[in-house]
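Chemist: dropping the sequence and predicted coords here.
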Amino acid sequence: MPREDLLARTLVELADNLVEEFDVVELLTLLCDRCVEVLDVAAAGLMLASPAGDLAVMAYSSDAMRLLEVFELQAHEGPCVDSFHTGVPVMNQDLASAEAEQRWPRVAARARLAGFESVHALPMRLRGTTIGALNLFRTATGHLGDADIVAGQALADVATITILQHRASLEAHVLNDQLTQALTSRIVIEQAKGVLAEAANVDMQEAFERLRTYARSNNLRLTDVARSVVDRVLAADATGSA
């Protein structure tokens, strides 16, 4: 599918989630996957703030990206963390530069070990509200093209609007329950990945793709499938291969 068509389709898919219940993890995973497909980046990861304001890793395009995002939170530094707290983009940062090494000494070194050479982070922000940030890593140095920057921010903006619009339709206590449930869902999915990885002798990324494929093929929510695997209601081998 041509890039422009895929971008348009993605924007529609992200916006087409204003329903009573939608899977936040699936929505944001779609966003990360499409960033890699549409933009000139090798990996994407996304952090979302809890009701208390604490960042948590919510979606990523690969398991290597997940580990790097988790390391950012543990180190309390990194482009995604900065973009969330400032509400402004972090653009065209060469990870080997003196600026990056001074700004994020531990994260820059870890990212380069993972094979990344430059990074960009975009806030998920609408007016005065920032709910998270999107990390975009490249395996090459140099600037991300203007068209890619605009497209990346557009994807993040549409996802942000979708989430905030959904929040606005809920009572305050329901909102807190939903966001807490979303964070809990991420934990359940990680547990299910571990169960599948061990049972099928595959890596964590393959395990996640099996969960997603099974959920989509059976028109089920990703979180519900993951919980069934963890609770042993659904046998690990029933998910087949991605």
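Modeler: Structure received.
Chemist: quick one, strands of the protein?
Modeler: Assigned by DSSP state E, the chain shows strands spanning 43-49, 55-60, 90-94, 118-126, 129-138.
Chemist: partner strands of the longest one and their direction?
Modeler: In this case it means strand 129-138. Strand 129-138 has its sheet partners listed here by DSSP bridges as strand 43-49 (antiparallel), strand 118-126 (antiparallel).
Chemist: can I get those strands in CSV including distance to residue 201 and mean pLDDT?
Modeler: C-beta: built from backbone N, CA, C; applies to glycine. Listed next are the strands paired with strand 129-138 as CSV, based on distance: least, Cβ to Cβ, whole Å; pLDDT from 0 to 100:
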stretch, distance to residue 201, mean pLDDT
strand 43-49, 25, 93
strand 118-126, 33, 91
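Chemist: can I get those in TSV with mean neighbour count and distance to residue 233?
Modeler: Formatted as TSV, those follow (neighbours: other Cβ atoms under 10 Å; distance: least, Cβ to Cβ, whole Å):
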stretch	mean neighbour count	distance to residue 233
strand 43-49	25	28
strand 118-126	24	34
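Chemist: now the ones you listed in CSV, with distance to residue 140?
Modeler: Output for these, formatted as CSV (distance: least, Cβ to Cβ, whole Å):
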stretch, distance to residue 140
strand 43-49, 13
strand 118-126, 7
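Chemist: out of those, nearest to residue 200?
Modeler: Smallest distance to residue 200 across those (Cβ to Cβ): 23.8 Å, for strand 43-49.
Chemist: tell me how far the closest one is from the chain's mean position?
Modeler: Remark: strand 43-49 is offset 4 Å from the chain centroid, using Cα atoms, centre = their mean, to the nearest Å.
Chemist: residue 24 and residue 50, how far apart?
Modeler: Separation of residue 24 from residue 50 (Cβ to Cβ, to the nearest Å) stands at 12 Å.
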